[in-house]
Each structure stands twice: as C-alpha cells, then as structure tokens.
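Novice: let me see the structure of the following:
(one chain, ligands or ions: 1)
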Amino acid sequence: MVTDRPRVLSGIQPTSGSFHLGNYLGAVRQWVSLQETHDAFYMVVDLHAITVEQDPATLRENTRVSVAQLLGVGLDPERCTLFIQSHVPEHAQLGWVMNCFTGFGEAARMTQFKDKSGKQGADRTTVGLFTYPILQVADILLYQADQVPVGEDQRQHIELTRDLAERFNSRLGQTFTVPNPYILKETAKIFDLQDPTSKMSKSASTPKGLVNLLDEVKTSTKKIKSAVTDTGTVVSYDEQEKAGVSNLLRIHSAISGRSVPELVEHFEGRMYGALKTELAELYAEWVAPIQQRTRSYLDDPAELDRVLARGAEKARAVAGETLATAYDRIGFLAAKR
Ligand code: TRP
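Specialist: Numbering: from 1, shown residues only. The predicted model follows:
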C-alpha cells in the first residue's frame with residue numbers, strides 16, 4: 001500500500017496468555033485508533049520474548065493468543081500490517097548490523113537492562129537481554145517509521161534508535177528515517193486494583209489486582225468490586241489521598257469515554273460501592289464482544305494463519321528493501337542469483 005500517511009510501528013511481547021487492562025488502555029487501544037490515520041505496522045515480538053527463558057509450547061500458544069487478541073480489540077488487517085517478528089528474517093539480520101554500530105558502554109547504559117539484570121543477577125542474564133534494545137532499533141529502522149507509539153518506559157530505546165540511525169546515516173549516507181517517539185497519553189496510568197500506587201502489571205504481588213481481558217468476565221467483575229479504596233465515602237479525584245478511587249475513575253473514563261470531572265458529578269451523593277458496581281457492569285459489557293472476536297480467531301487457526309501470512313508478506317516487502325540498501329551501504333558484496 002502506497003500512502004502519504006506518516007508511518008507508525010510498534011511491538012508487543014507474547015509473554016502472557018491474556019493482555020491486561022493496563023496493556024490495553026495504555027497502548028493497544030491507541031494502536032487501534034492510529035490505524036485510521038497512519039500507515040501502521042504492528043508486530044508480536046517473539047524474538048524479544050526469548051531474551052528470557054520460554055517454554056516452547058507456551059510461547060507458541062501465547063503468540064497465537066496475542067495475535068487473536070489484537071484482532072479481537074479491533075486491529076483490522078485491511079487497515080494495518082500485523083505480523084510476527086520471527087516471520088520476517090530481516091529483523092535478526094539488521095539487528096546484527098546494529099550491534100556493530102552500538103558502543104558497549106552505550107548499551108550498558110540502558111536503564112531497563114540494568115533494572116532487569118540487577119534483579120536476575122549476571123549469570124542468569126542472557127546476552128540477548130543486553131542487546132534487546134538494539135534488536136528493537138532494527139525493528140523500527142527496517143520500516144522507516146516516522147513515529148513509534150510506546151509507553152514512557154520505552155523512551156530511552158527510542159533515543160537509542162535515533163542515535164543509531166543518525167550515526168549510520170552520517171557515516172554511510174542517508175539510509176534510515178530518524179523516528180520520533182509518540183509517547184502514549186496519561187490515561188495510560190492504570191494501576192493495580194489491590195495496590196493502586198503501582199502500575200497494573202502481570203508480575204503484581206496478587207492476581208486480585210490484575211484484570212485480564214480473557215479471564216472469565218465474572219472473575220474480573222469480582223476483582224473490580226473488591227478493589228482497594230480508602231476509608232472515605234465521597235467519590236472524588238485525588239491521586240494522593242484517594243489512589244484507589246482515582247484509579248477506578250480513570251478506568252471508567254477510559255472505557256466509557258466520559259471525562260473524570262463528569263464522572264465525579266455523576267456519582268455525587270453516592271458512595272464507592274456505586275462506582276464499583278457501575279464500573280463492573282460497564283466492563284462486562286465492553287469486554288464481551290472483545291472476547292467473542294478473540295475466540296472466533298482462536299477457533300479458526302487457518303484464518304489466523306492467512307492473516308499472518310499476508311502480514312509477513314507486506315512487512316517483508318518493506319523490510320527487505322531497507323535491508324538491501326543498508327547492506328549495500330555497508331559494502332557487502334551483492335549476492336547474484
Ligand atoms: N520493547 C517494547 C516493549 O517492551 C516492545 C518492542 C519491541 C517494541 N520492538 C519494538 C516497541 C519496536 C516499539 C517498536 O514494550
């Protein structure tokens with residue numbers, strides 16, 4: 001597809017069976033709206049997933065479920081290019097090249113690596129985890145992406161992408177678009193229902209704080225109804241004093257599309273229970289069609305495979321061209337057939 005629209009590219013790891021509300025409201029939801037205005041490329045980054053140990057059957061299943069969910073929440077293969085990273089060999093190929101343009105010290109300064117490796121210890125940390133950001137650089141540059149929609153935690157990786165693109169371009173001639181981060185907005189702040197001061201995350205201390213989109217709806221509505229709130233009664237927005245209530249208001253707002261002040265007015269004179277009950281109902285109605293669409297793709301593996309084959313083909317057309325240019329600039333002798 002040839003278009004004048006700016007190009008966006010983003011990726012999500014297939015490391016869990018279900019997306020949670022934080023993933024969805026933080027990132028994936030904006031992927032869905034960007035496909036209307038941008039030339040959008042989205043991928044499930046299975047190469048990145050193996051930077052930590054994966055069980056093969058689980059990885060395969062999670063990859064399939066991730067794709068089905070992306071389709072389930074509204075990505076449309078007619079409007080975007082959706083693919084699996086390992087289906088496009090150019091990622092690993094350009095990843096190697098980018099490794100050779102990155103300083104060791106430069107890579108060692110990546111804070112996400114320092115955090116993760118600090119927790120695991122050096123012996124359990126793979127070299128792949130160390131070069132993870134550099135593979136991400138290759139992901140982005142292969143598609144000449146103008147913008148990269150990601151959460152705040154990925155800002156440093158986008159900075160690295162810009163640095164490496166500029167370095168390559170200035171040494172060897174204009175080859176890569178220097179991308180801009182497109183940091184996703186504040187509604188992204190979805191916190192744990194049991195610990196409303198920390199981000200909703202699958203590594204939460206208790207599963208009760210985590211709303212998984214594919215869980216049975218009843219399980220999730222129960223979690224919403226037993227969300228932690230303070231001892232007050234008045235529904236109002238105060239991130240410090242009323243972290244739990246404020247989190248519920250943000251979730252409500254993100255799903256209903258109504259502003260937080262409007263919701264505060266709506267709940268005037270009613271207590272926390274009313275907010276929880278209404279949010280639980282709203283969530284149940286909202287998630288049902290998502291689950292249904294996801295299931296329909298999981299029940300039709302042949303259709304899912306067709307979508308992925310087409311996605312990989314569209315992705316390779318772009319990635320292949322960029323890689324060929326990069327190889328030529330580097331001085332690799334062209335392989336003649
Ligand atoms: N590192 C990203 C994350 O954890 C995932 C990712 C991999 C990505 N490759 C990408 C995001 C390319 C944007 C562009 O969220």
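Novice: pLDDT below threshold where in the protein?
Specialist: 1-2, 185-188 (pLDDT under 70).
Novice: swap in 80 and give it another go.
Specialist: For the chain, applying pLDDT under 80 flags the ranges 1-3, 184-188, 205.
Novice: can you give me the helices in it?
Specialist: For the chain, applying DSSP state H gives helices covering 21-23, 29-37, 46-49, 56-72, 90-99, 104-108, 111-120, 127-142, 155-172, 217-225, 243-256, 260-266, 272-298, 301-330.
Novice: so which residues on the protein come close to the ligand?
Specialist: Counting by CB under 6 Å from any ligand atom, the residues of the chain close to the ligand are 9-11, 13, 45, 48, 136, 139-140, 148, 150, 154. In this view, the C-beta of every residue, glycine as well, is placed from N, C-alpha and C.
Novice: list the contacts of the nearest residue to Asp76 once chain neighbours are set aside.
Specialist: Spatial nearest neighbour of Asp76, excluding adjacent residues (CB to CB, 6 or more residues apart in numbering): Gln35 at 6.5 Å. With contacts defined as CB atoms under 8 Å, 6 or more residues apart in numbering, Gln35 is in contact with 75-76, 79-80.
Novice: Ala280 now?
Specialist: The contact partners of Ala280, taken as CB under 8 Å, 6+ apart, are 221, 224-225.
Novice: and those, which are buried?
Specialist: 221, 224 (16 or more other CB atoms under 10 Å).
Novice: and the residue of the stretch 1-150 of the chain found nearest the ligand, what are its bridge partners?
Specialist: Here the stretch 1-150 of the chain gets closest to the ligand at one residue, Gly11, 3.4 Å apart by CB to the nearest ligand atom. Here Gly11 sits in beta bridges with Met43, as judged by DSSP bridges.
Novice: okay but it is in contact with Leu142, surely?
Specialist: No: look at Gly11 against Leu142 with CB atoms under 8 Å: they stay out of range, at 11.6 Å.
Novice: more neighbours: the two, which one.
Specialist: Between Gly11 and Leu142, counted using other CB atoms under 10 Å, the more crowded position is Leu142 (26 against 23).
Novice: now that one: closest residue in space that isn't a chain neighbour?
Specialist: Ala319 (4.2 Å).
Novice: for that neighbour, which residues are in contact?
Specialist: Counted by CB under 8 Å, 6+ apart, Ala319 has contacts 88, 90-91, 94, 142-143.
Novice: closest to Ala122 out of these?
Specialist: Of all the contacts of Ala319, His91 has the smallest distance to Ala122: 26.4 Å, by CB to CB.
Novice: how many neighbours does that closest one have?
Specialist: 23.
Novice: shouldn't it be in contact with Ile134?
Specialist: No: assessed by CB under 8 Å, His91 is found out of contact with Ile134, at 11.1 Å.
Novice: quick revisit: how near is the residue nearest to Leu142 to Leu129?
Specialist: In this view, Ala319 and Leu129 are 23 Å apart by CB to CB, to the nearest Å.
Novice: again, but for Asp328
Specialist: Distance of Asp328 to Leu129, given as CB to CB: 31 Å.
Novice: check Ser253 too.
Specialist: Taking CB to CB as the measure, Ser253 falls 36 Å from Leu129.
Novice: then Gly105?
Specialist: Applying CB to CB to Gly105 and Leu129 gives a distance of 17 Å.
Novice: more neighbours, these two?
Specialist: Each of Gly105 and Leu129 has its neighbours counted (other CB under 10 Å); Leu129 has more, 19 against 7.
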